[in-house]
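S.K.: Sharing a sequence plus its predicted fold:
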Amino acid sequence: MSLFRTIRGGLRALFPRERVDGEFDEELHGFLEMAVAEKMKQGLSRQEALRAVRLERGSLEGTKEVVRSAGWESLLETCWQDLRFSGRMLQKNPGFTAVAVITLALAIGATTAIFSVVYGVLLRPLPYNDPSRIMAIFEVNTGGTWSRLADPNFDDFRDQNHTFQAIAKYSENAASVSGASQPTRTMISSISPDFLKVFRVQMMIGRDLTAADARKGAAPVVLASYGYWKQYLNSSRDLSQSHLKIDNVVFSVVGVLPDGFQFPPHASLWTPADLDGENPSRTSHNYYAVGRLRDRVAVEQANADISALARRIHNTSSEQSDYLLKDGIVVSLQDSITGKVRPALLILLGAVGFLLLVACANVANLLLGQASVRERELAIRSALGAPRRRLIRQLLTETFLLSLVGGGLGVLGAFSGVAGLFAEERENLPRLNSVSISIPVLLFAFLLCSAVATGLGAFTAMRATSGNVSEGVAEGGRGQAGSRSSQRAGRSIVAAQIAITLVLVVGAGLLGRSLMKVLEVNPGFRVDKIVTMDVSLPWAGWDDPKAKAGEAIFFSNLIDGLKKIPGVHKVGATSGIPLDDGLPDGIFLLMTQNEVPKSRDDFEPLWSQKQRIGTADFCVATDGYFQVLGIPLLRGRIFDDRDGPDSPHVAVISESLARDRWPAQDPIGHTIEFGNMDGDLRLLTVVGIVGDVREYGLDVPPRPTVYVNLFQRPRAAITVTILSDADTQLVVSAARAILQELNPEIPPRFRAFPEIYSASLGSRRFNLILIAFFGIVALLLAAAGVFGVMAYSVSRRTREIGVRVALGARYRDVLTMVLGQGLRTTLVGVAVGFVGSLALTRSVQSLLFGVTATDPLTFAAVILLLLVTALLACYIPARRAMRVDPMVALRYE
Amino acid sequence: MLPLTFRGSAFMTDKSSDLVQGTLDMLILKTLALEPTHGWGIAVRIEQISRGVFRVNAGSLFVAFQRLQRAGLIKSEWKATENNRRAKYYTLTEQGRRKLNSETREWERQVAAIARILEAS
C-alpha cells in the first residue's frame, strides 16, 4: 500500500515534472515569504529579512535541490545524468570507444550466435506435449553399441514393461509415391499404432491410425504431414478422394498431421508397420522405438525395467549370436537426437567463451589506459565532494554503456549471421530449424553484457578510485606513482590473454592437423566426376521371383540407357554408396559346395558354430560400380556376363574381410550363405577380392564387406553411379528423361558425389573454421594487448629512456630492454597457457583424428607463433623507444 | 539534549540521519496532531514549543513532508491562510495518528531507559 503510494508519488514527480515543480515552487515560495514577513515584523528591511531567512532556512534553489534528490526518482535522474556524461566521455574518445565497442560486439556477437545454436539444438525442449517424458529405447549390443530393435524384442518391451504409458516403433525409408498431384520421392515412416500417442499429437484432419489398421491384411491407410498435404493433396479437407500409390499398393489418406509435427525428421507420410507381418527374428534390427513414461516414473526406473526385459530375452532366446541384444537402454528422445553433436557444440561454446575472455581483457586494458588518463578528472571530482560510491557508479555506467552498445551490435550481427553460418551444417546438425535469436537467447546476451560490464566496471573502479586524492590532483596527467601498479595490472592482463589465446590456437591447430590427416587417408574410391541417382522401385516383397526378375531387367535397361548419354564413361549401381546412409551388416555362414539348403531352418544349427560364421556389411552392386568408383580388383574377378540370374550366384569380398576371415587361405572358390540379408538362400561363391572402402567416413576404418551381384540379387531401391566428363546438369536431365521413359512414376534423386564427400567432412571442417576463427581473432586481440601495454609503458618511460640514452645506453640496449620486458610478459602467458592446454585439449579428444591431444608438433608451432606475434607487437614500441631523443625527452618534463 | 541542527542537511552524513529523520517526523506529526497547518506554521510551532532549540530549515522540512505524504501518514490540500495567501495545509491521517502514538510510546520508553542509565552512573 505504502510502497504503491511511494512509487506513484515518485512517478508523478518524475513525469509531469513542470506541474509538480510548479506546485512545489509555490509552496516553498509561500513558506519563505511567510518567514520573510515574520522577520520584517521584527523590524528588518526586506533585503535584510531575505538574507536572514536564506541563512536560517536555506536558499530557494538549494532547498529545491535537496527535496528533489530525496525521493527514489532522483536515483533514475542521476543514472540518466551518468549515462549522458558517459556518452559524452565516450564521444570525446572516439578511437577508444570504437575499438572497445567493436571488440565487445565481436565477442558478444560470436558468443550469442554460438549460444543460440547450443540453446536451439541442445536446450530448447522438443516441440511436443510434455517432451521431457518422451524416451528413445535401444538395444545394447555385444560391443556396447546401441542399435534398433528387432520386432519380437519390441513386442516384449511393449507388452511386458511397467513404466511406459505408450510405446511405439518406427522406421524411415524413401519410396516413390504416386497418385497425388505429381509423383514424388518421399520419406515414409512405418509406425506402430501408438506412435502418435507417444507424442500426444492431435490430428489436424481425419483420424489417427488404429490397431485394426496395423493388422495383417487390413485396408492400407496413410497419414500425411501438413506440408505434403498442402503441396501435393491440394489442401483438400475432404480426404475421401485422396489416395496414394506406394510400392504398387493404393493407400487411403485418412489423416493429416498438424503443422510443425516433424518426426522422424524427414518423414512426410506415415503408414502402419508390419502390413505384411512381423519379422520373427530377434537379430534383425529394423525399428527405432520411442515411448512416453508413465506419470511419476523416473528415467532410471524405465531404464531398469527395459534392461531387465532385455537381459531376460538375452538369457532365454534360442538365437544366440553377437547380433542378439545384450541389454536395453532408455534415454530421453532429445538426448538421443542431439547426443552426437553435443560434445562439438559444447567445445565451440567453450572456445567462444575463451574468445570473450580475451576480448574483455583487451577492453579492460583499454579502460586501464583511459583510467590513468582520467586520474586527474576523477581526483578533482573526488576533491569537489563526489563520494567514492558516486565515482564507481559513474565508471560502471560507462562500462554498461560500452558493453550494451557493443552487445547490441553483436546481437544484431549474430541475428543476421547465425542462419548463414550454420546453413552449411544443415545435413549434420539436427534441429537446426529450432535455432533462432529467441527470447532466452536475448536474455542470455543481456546477462552476458551485464556480466561483462560489471566485471569491467568493477575492475576499473577498483583501479581508479583506490588512489589518494591529493596525490592524484598533484600528479595530474604526468604522474609516475600510480602507474607502476596499473602497469603491473596491464601486464598481468596481457599474460592472461596470451595464455587463453594459446589454448584456443592449440585447439584450432589440433583440429587442423586432424583434418589434414583425414584428407591424407585413402578412402578406397574415386570421388570426382561422379553423379549419383537414387531410384526406388515399388517394393516387391521378399520372395517373388517374377518381380525380382523384373527389377533386374529394369535396372539393366536403365544402365544401358544411361551409358548412351554423351560423355558418360561408366555406369554402375549399388545398394549404398560410401559416405551416405551406410550398409546393413549381418552374420554369414561358411558353407561347402555340396551343402544345399532347402529352407532357413537348415541353417539354424550352424549359427552357433563359431568357426562357421563371419560378420560383414552386405552390399548389392553391379560390375560397373567398381569401375565407376575405382575400387581396385586385387585378385580373381568381378561380376560379368557369366553371372546371370540362373547361373551360380557369386560374391566379391573386400580385402579386410579376406584377411580377417581367411587369414591363411585363399578365399576365392569358398562358398558362403548370406541369405538372411535379402531372403535369397542360394549359396554365394567368392570369385574376387577388391580393395577396402571407407564406407562410413574417412575417419572410420573400412569395414569387411561382401558384394553380391545386383543382376542375381535384385532389390527395389538402388543408387546408380554415373562417371562422366559431361556437364553434371546435362547428365542429370538426360538421365531423368531416360528414367521417365522407363517408368514415369519413379522420381529420381540426383546428387553430385563430390558434394556428398564434402558434406561428410562438413562437421570437421565447420568446427575447425569456427575455432580457427576464434583463435585468429584472439591472437589479433592478444597482439593488440601486448602492443598497447608496451606502447603505454614506453610512453610513460620516455624520460627514463632519455636519461639512459644521455648516460650512454646504446640503441641496442634500449631495444633489448623493451623487447625483454615484452618477452617476459609473453613467456609467463605462454607457460600458463601451455599448462592450461595440456589440461584442456583432452576435451577435444573426441574430435581429433590421427593426432594426440598433446601433439608436440602442434604445441611447438603454436608457441612459436605466439612468441613471434608478441615480439612483432613489441617491436613497434621498441623502435619508438630507440628513437627517443634525450634532449627532447628531458625538456618535455 | 540531542544535537539537532538541521542546517546543511544536504551534506549530512549517514551516521545520525536515521535518528534525526525519525525525530523530525515525530515532531511534525505531533504538531499536526494539534491542528492542521501549512509548512511555515509547522516550522514556527516546532521552534516555539522547543523554545528555539530546534530550528528547522526548509530542505529538511519539505523532504520530511514528501516522505510522510508518500507513507500515507499525512495528506495535504491547498487553502487560504488567515492572511489571504494560498498555502498547502497538512493534515494528519488516521494512519498518521496511530504512527504518532506508537512512536511516542517508543520514544518515552527509550528516554526513560537512557535516563536510568545516566542516573546509575
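M.R.: That came through fine. Residues are numbered from 1 along each chain as shown, chains lettered A, B, ... in the order given.

S.K.: What's the end-to-end length of stretch B:24-43?
M.R.: End-to-end distance for stretch B:24-43, by CA to CA, to the nearest Å: 11 Å.

S.K.: and A:Asp208, that's in a helix?
M.R.: No - A:Asp208: not assigned to a helix; according to DSSP: H, G, I helix; E, B strand; the rest coil it is coil.

S.K.: From the chain's centroid, how far away is stretch A:38-51?
M.R.: 81 Å (CA atoms, centre = their mean, to the nearest Å).

S.K.: what does it rub up against?
M.R.: A:Val36, A:Ala37, A:Ala52, A:Val53, B:Val44 (CB atoms under 8 Å, 6 or more residues apart in numbering or on different chains). Every C-beta, even on glycine, is put in place using the N, C-alpha and C of the backbone.

S.K.: Show me what counts as buried in it.
M.R.: A:Glu38, A:Lys39, A:Leu44, A:Ala49, A:Leu50 (16 or more other CB atoms under 10 Å in any protein chain shown).

S.K.: Next, give me the two most distant ones among these.
M.R.: A:Glu38 and A:Leu50 (12.1 Å; CB to CB).

S.K.: hang on, the earlier thing: can you pick out the most distant pair from the contacts of stretch A:38-51?
M.R.: So, these by CB to CB: farthest apart are A:Ala52 and B:Val44, at 14.8 Å.

S.K.: can you redo the buried residues of stretch A:38-51 as a markdown table with pLDDT and secondary structure?
M.R.: Listed next are the buried residues of stretch A:38-51 as a markdown table, based on pLDDT from 0 to 100; DSSP: H, G, I helix; E, B strand; the rest coil:
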| residue | pLDDT | secondary structure |
| --- | --- | --- |
| A:Glu38 | 83 | helix |
| A:Lys39 | 84 | helix |
| A:Leu44 | 85 | coil |
| A:Ala49 | 86 | helix |
| A:Leu50 | 86 | helix |
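
S.K.: What is the nearest of those residues to A:Gly624?
M.R.: Using CB to CB, the buried residues of stretch A:38-51 come closest to A:Gly624 at A:Leu50, 111.2 Å.

S.K.: so what's A:Glu271 closest to, chain neighbours aside?
M.R.: Actually, residue A:271 is Thr rather than Glu. Closest residue in space to A:Thr271, ignoring its immediate chain neighbours: A:Val222 at 5.0 Å, by CB to CB, 6 or more residues apart in numbering or on different chains.

S.K.: who's in contact with that neighbour?
M.R.: A:Val222 touches A:Leu244, A:Ile246, A:Phe251, A:Ser252, A:Val253, A:Val254, A:Leu269, A:Trp270, A:Thr271, counting by CB under 8 Å, 6+ apart.

S.K.: wait, which of those residues is closest to B:Arg109?
M.R.: A:Trp270 (80.4 Å).

S.K.: May I have the helix or strand harbouring that closest one as CSV, with CA atoms only?
M.R.: Counting by DSSP states H and E, the element that carries A:Trp270 is strand A:269-272. Only the C-alpha atoms of strand A:269-272 are listed here, as CSV (Å, rounded to 0.1, in the frame of the first residue of the first chain):
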residue,chain,number,x,y,z
LEU,A,269,3.9,-39.8,-44.8
TRP,A,270,3.2,-42.4,-42.1
THR,A,271,2.0,-45.9,-42.8
PRO,A,272,1.3,-48.7,-40.4
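
S.K.: What mean pLDDT does that strand get?
M.R.: Averaged over strand A:269-272, pLDDT sits at 94.

S.K.: show me where pLDDT drops low in chain B?
M.R.: B:1-22, B:121 (pLDDT under 70).

S.K.: rerun at 80
M.R.: Flagging of chain B using pLDDT under 80 yields the residue ranges B:1-22, B:52-57, B:82-83, B:120-121.

S.K.: Just the pLDDT at A:Gly369, thanks.
M.R.: So A:Gly369 comes in at 77 (pLDDT).
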